[in-house]
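Novice: Can you look at this prediction? I've put the sequence above it.
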Amino acid sequence: MPIFVAGHLTRQPGADLRTVTFALVDVATTGPDPEQGARICEVAVVRMRGDGVVLDEYATLVDPGASIADAESEMDLAPAPTFAEIADDLLARLSDAIVVGHSLEFVDRFLGAELDRLDLRLPPVPGLCALVTCRVHLDREEYALTEVANLLTGEWPSGLPSALGLARAMAGTLATLVGAAPEPLSWRGLAPVPLPAQPRGTSVTPRVVGLRKGSEGWLATLTARLPYTVDPPRPRPDGLRDYRALLARALTDGRIVGGEAADLAALAGRAGLTQSTAWQVHEEFLVVSRAHAEADGVVTATELRELQRAAKELGTTYLIRDL
């Protein structure tokens, strides 16, 4: 039984898209067909208002309880929650929104199969297929998400092939399509409905890929690849300990290199960090480093240089401007 009832964007009178909440969803799976036993092994949601304002993000790897031979080999599912463990958190982020998938039918089949296993039944949920929408409103030969995102936003999506990177690409595409339409677009379809779920704050395992040093450093990119979660779950204590230990070792020489950044990215996922919890860890690291330097009442020139190098890598220079 399908979950989503597809609507569409139209130039005819309808709901004002600027006030509508969309939940852009991407899933990675262990195979192409849930009826053949394929399961979801990664999911991401970007909640966004139609005017392009991002309200919340959610992303995690999912333990499918089965082989992932057909999934991307770099996935580390060791600490990932099962779908049953995240179902309430996920449904809470689909609630009161129009759910968007690049292929809505694909998302529908896999979410439906997972919810059936849990014997969960949902009311009809409004949905929008991004692929169909692009075919209706854009005259192109190629409708791959990356190509359409580049056409509309002028940038190639980052953080691919993670589910969050793809959900963000959909969000940017939809926001630009709505904002740049020559005539105002409106929604024709079911109104958003509340779903029967209360978020539980289960730990997540986000996948951090596509790291670039950029102008702001490796850690800035790492943090940006994590989900912007308004009410983040608590990080896993053991993963957090390992992340902090590696961060301390990596900053011994005052700088982080590519291999260290990749290792930190893997540990950030295993720790269940989000953007806000990662920033908190980075701030705490510098605060402790500063306290050590000030412990004898004098911050030497050498100690100040070390603090400045660490602060630049961590993106926390504001914490030592008074020194």
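Specialist: Arrived safely. Residues are numbered from 1 along each chain as shown.

Novice: where along the stretch 51-200 of the chain do the strands fall?
Specialist: Here the stretch 51-200 of the chain has its strands, by DSSP state E, counting those that start in this stretch, at 54-61, 98-101, 125-129, 186-188.

Novice: nearest to Glu216, of the ones you listed?
Specialist: Among these, the nearest to Glu216 by CB to CB is strand 54-61 (19.6 Å). Yep, even glycine has a C-beta here, placed from its N, CA and C like the rest.

Novice: coming back round to it: which one of the strands of the stretch 51-200 of the chain is the most hemmed in?
Specialist: Neighbour counts (mean count of other CB atoms under 10 Å) averaged over each of the strands of the stretch 51-200 of the chain peak at strand 98-101, with a mean of 25.

Novice: sorry, back to before: could you export the strands of the stretch 51-200 of the chain as a markdown table, including mean pLDDT and distance to Ala38?
Specialist: Formatted as a markdown table, those follow (pLDDT from 0 to 100; distance: least, CB to CB, whole Å):
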| stretch | mean pLDDT | distance to Ala38 |
| --- | --- | --- |
| strand 54-61 | 97 | 16 |
| strand 98-101 | 97 | 16 |
| strand 125-129 | 96 | 20 |
| strand 186-188 | 91 | 31 |
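
Novice: List the buried residues for the helix or strand of the chain with the lowest mean pLDDT?
Specialist: Lowest on mean pLDDT, DSSP states H and E among the helices and strands of the chain sits helix 145-153, with a mean of 73. Applying a neighbour-count criterion of 16 or more other CB atoms under 10 Å, one finds 145-146, 148-149, 152-153 buried in helix 145-153.

Novice: Likewise for stretch 313-323?
Specialist: Those would be 313-316, 319-320, for stretch 313-323 by 16+ other CB under 10 Å.

Novice: coming back round to it: just put the buried residues of helix 145-153 in JSON lines and tack on distance to Arg241.
Specialist: Output for these, formatted as JSON lines (distance: CB to CB, whole Å):
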{"residue": "Leu145", "distance to Arg241": "37"}
{"residue": "Thr146", "distance to Arg241": "37"}
{"residue": "Val148", "distance to Arg241": "42"}
{"residue": "Ala149", "distance to Arg241": "38"}
{"residue": "Leu152", "distance to Arg241": "43"}
{"residue": "Thr153", "distance to Arg241": "39"}
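
Novice: just these now: which is nearest Pro13?
Specialist: The nearest one, if we look at the buried residues of helix 145-153 relative to Pro13 and count by CB to CB, is Leu152, at 24.4 Å.
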